[in-house]
Structure formats: C-alpha cells, structure tokens
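> one predicted model, sequence on top.
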Amino acid sequence: MQASPGTFPTLLYIILPLFFVAVWVLALTFSSVLSGWFTLANHFRSNLDPSGETRTASPFFSTVYFRYWTHYSGVVRLITAADGLYLSVFFLFRPGHPRLRIPWNEIRFSQTRRFFMNYAVLTLGNEEQIPLRITQRLAARLGIQDGPPPSAALFFGPPPPPPLQ
C-alpha cells in the first residue's frame, strides 16, 4: 500500500505542533521542579482569590528569582493580602505552576546582595524553605520590604512582644 502524495506533509503539520507543545510542557515542568514551585504546590496550591486590601505587582517588568537563582522574568504575578502572599504565572507558562497562597506565618524575611543589587528574600514554607528573591523596589511596591504588610496583623493578631533581656 502506498501513501498518497499529501499524507506526509499533513502528518508533519499535526506531529510538529504536538511535539512543540510536549517539549514546552516538559520544559516548564522541569523549571517548576528546579525552582521549587512544584515543592510549594504540594502544600500551598490554592484557587482562592485574595480578599481584603491587596497590593499587586503585575508580571510585566518584574523579575523574580527562586531556588538556584531560577529566573522568572515577566511571568510571575505577586499579590499581597492580609492572609498571605499569592503567586500565579501567566497562562502560557502555567503548566507545572499552579496558583499558590502562602500564609504570612510560613514566610521568613531577609535581604541579600548580588551583582550590585539588593534583594528582599522571602523564604517560603517553614518545611520547604524555598527562597523567593525580588528587588527592593518590588518589595516596596508590595509593601513587604520589612516583613508582612500591616494588614496581616489583623488576620494573625498582633505580633508577639519581644523577649525580655
């Protein structure tokens, strides 16, 4: 049996896009595992929308670094709310990156410097300890340059008093 002359190009038009999509999904899933997003998703996956007063840093022009300085430039959206930090990825990059909600009591704050830039470091998850590095400017825009936003105190109660010395 012989294939008709138009069969090969038709199969190519079907197989090539499917191959591209499969490679795209595989690369994004690998990126999720490498960066720590996959680990965070096991504990903090959420479809809830932020409530109350929020601050948003749109994904455009925002650079975010995760574990091993994995670079997410222009695809991650950060939202701060009273109940936690919300992270989501632009829909074309979503495979392997579900939406996350991380409560403030699961985030530790610090700072670091790399290549003449100061970064706010949010260590996500008490057990997971995945670093999220954002510029000081982005942290200020989100209202988290010195720790959780003031509205978080309403959700978790007042902070404990400092220890006596």
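That came in fine, so what should we check first?
> tell me the bridge partners for Ser110.
Counting by DSSP bridges, Ser110 is bridged to Val121.
> can you give me the strands in the chain?
55-57, 63-65, 71-73, 76-81, 84-89, 100-102, 107-114, 117-124, 130-135 (DSSP state E).
> could I get those strands in TSV, plus columns for mean neighbour count, distance to Val21 and mean pLDDT?
From N, CA and C alone the C-beta is placed, and that goes for glycine too. Shown next, in TSV, are the strands of the chain (neighbours: other C-beta atoms under 10 Å; distance: least, C-beta to C-beta, whole Å; pLDDT from 0 to 100):
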stretch	mean neighbour count	distance to Val21	mean pLDDT
strand 55-57	16	29	79
strand 63-65	19	25	85
strand 71-73	15	21	82
strand 76-81	21	22	88
strand 84-89	22	17	89
strand 100-102	21	24	92
strand 107-114	13	35	86
strand 117-124	18	30	88
strand 130-135	21	28	90
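> which of the helices and strands in this structure ranks last by mean pLDDT?
helix 151-156 (a mean of 56; mean pLDDT, DSSP states H and E).
> grab the longest helix from this structure for me.
Ranked by residue count and defined by DSSP state H, the top helix of the chain is helix 7-35.
> buried sites along that helix?
Leu28, Ser31, Ser32, Ser35 (16 or more other C-beta atoms under 10 Å).
> quick revisit: closest to Ala41 out of the strands of the chain?
strand 100-102 (6.4 Å; C-beta to C-beta).
> quick one: contacts of the closest one?
37, 40-41, 44-46, 48, 50, 83-88, 124-125 (C-beta atoms under 8 Å, 6 or more residues apart in numbering).
> now, the most widely separated pair of those?
It's Trp37 and Asp83 that sit farthest apart of these, by C-beta to C-beta, at 20.1 Å.
> ok, back up a step: possible to save the strands of the chain as TSV with distance to Phe20?
Listed next are the strands of the chain as TSV, based on distance: least, C-beta to C-beta, whole Å:
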stretch	distance to Phe20
strand 55-57	31
strand 63-65	26
strand 71-73	21
strand 76-81	23
strand 84-89	19
strand 100-102	27
strand 107-114	34
strand 117-124	32
strand 130-135	30
